[in-house]
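Trainee: structure for the following, please:
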Amino acid sequence: MKFIYLFLLAILFTSLPSKAATISLGVDVLIESDFKPLSGKKICLLTNQSGRTKDGELTAKVFALSKKINLIAIFVPEHGLFGAEHA
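Mentor: Below you'll find the predicted structure:
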């Protein structure tokens, strides 16, 4: 009997219409706003190899190339920006 209930619940949940949730990454929001919230400020970035835009570009690169902000430091974990350094 439990199996039938679980089966019916599974059918119910798989047949419900789903809306694909869209999310915006913080770096992408900054790019879209032309870095307005950080404009003219000195910025220190804490990141690692997973810090990327929705297009896969490194956040550190995007910040470094931006003329709107003053990137003064990039902090990375002990294994480096790309995770390739030995402990």
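Trainee: give the buried residues for stretch 55-65.
Mentor: The neighbour-count check on stretch 55-65 (16 or more other Cβ atoms under 10 Å) flags 58-60, 62-63 as buried. Yep, even glycine has a C-beta here, placed from its N, CA and C like the rest.
Trainee: can you lay out those as CSV showing pLDDT, secondary structure and distance to Leu45?
Mentor: Below are the buried residues of stretch 55-65 laid out as CSV (pLDDT from 0 to 100; DSSP: H, G, I helix; E, B strand; the rest coil; distance: Cβ to Cβ, whole Å):
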residue, pLDDT, secondary structure, distance to Leu45
Leu58, 94, strand, 10
Thr59, 94, helix, 7
Ala60, 93, helix, 6
Val62, 95, helix, 10
Phe63, 94, helix, 5
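Trainee: quick check: the farthest pair among those?
Mentor: Maximum pairwise distance among the buried residues of stretch 55-65 (Cβ to Cβ): 8.9 Å, between Leu58 and Phe63.
Trainee: so where do the strands sit in the chain?
Mentor: 42-46, 70-75 (DSSP state E).
Trainee: mind putting the buried residues of stretch 55-65 into a markdown table with distance to Ile31?
Mentor: Shown next, in a markdown table, are the buried residues of stretch 55-65 (distance: Cβ to Cβ, whole Å):
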| residue | distance to Ile31 |
| --- | --- |
| Leu58 | 13 |
| Thr59 | 10 |
| Ala60 | 14 |
| Val62 | 7 |
| Phe63 | 10 |
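Trainee: who touches stretch 79-87?
Mentor: 47-49, 58, 60, 74, 77-78 (Cβ atoms under 8 Å, 6 or more residues apart in numbering).
Trainee: render the CA-only coordinates of it in PDB, please.
Mentor: Extracted as PDB, the C-alpha positions of stretch 79-87 are listed here (Å, rounded to 0.1, in the frame of the first residue of the first chain):
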ATOM      1  CA  HIS A  79      46.300  26.500  -3.100                       C
ATOM      2  CA  GLY A  80      46.300  29.500  -5.300                       C
ATOM      3  CA  LEU A  81      43.800  31.100  -7.700                       C
ATOM      4  CA  PHE A  82      43.600  28.000  -9.800                       C
ATOM      5  CA  GLY A  83      43.900  25.400  -7.000                       C
ATOM      6  CA  ALA A  84      47.100  24.100  -8.500                       C
ATOM      7  CA  GLU A  85      49.600  25.000  -5.700                       C
ATOM      8  CA  HIS A  86      50.700  22.400  -3.300                       C
ATOM      9  CA  ALA A  87      49.900  22.900   0.400                       C
END
